[in-house]
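K.L.:
Provided below for reference: sequence and predicted model.
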Amino acid sequence: MSERGLCGLLALNRSAVWRQRKGVSRRVVNLEKEREKRELVERMQELVKEYPTWGYGRIWTWLRFRDPRCINKKRVERLMCEKGRPAAT
């Protein structure tokens, strides 16, 4: 029987089973996401200092095609608004 089928039969979340099997706690996953977010915000702030007229669209384009990580345009917009930078396009 597949993992999905067993989890459905036992009413368990597949993500919880995966984390248990890998030995990864939810706290570790959250810490990793926070670290990634902090690095992204720092990089965005560097770009805003270098190119003050750029809005979230150009910042996203630069990050998308020059940085190795894949990032969503809406995430860039949200983070810029959180940091007090207007999300002008």
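P.N.:
On my side now, so go ahead.
K.L.:
endpoints of stretch 44-60, how far apart?
P.N.:
End-to-end distance for stretch 44-60, by Cα to Cα, to the nearest Å: 9 Å.
K.L.:
quick one: distance of that stretch to the chain centre.
P.N.:
From the chain centre to the centre of stretch 44-60 is a distance of 18 Å (Cα atoms, centre = their mean, to the nearest Å).
K.L.:
and stretch 78-86, by the same measure?
P.N.:
In terms of Cα atoms, centre = their mean, the centre of stretch 78-86 is found 15 Å from the chain centre.
K.L.:
again, but for stretch 74-88
P.N.:
Distance of stretch 74-88 from the chain centroid (Cα atoms, centre = their mean) equals 14 Å.
K.L.:
again, but for stretch 40-51
P.N.:
Taking Cα atoms, centre = their mean, the mean C-alpha location of stretch 40-51 is offset from the chain mean by 16 Å.
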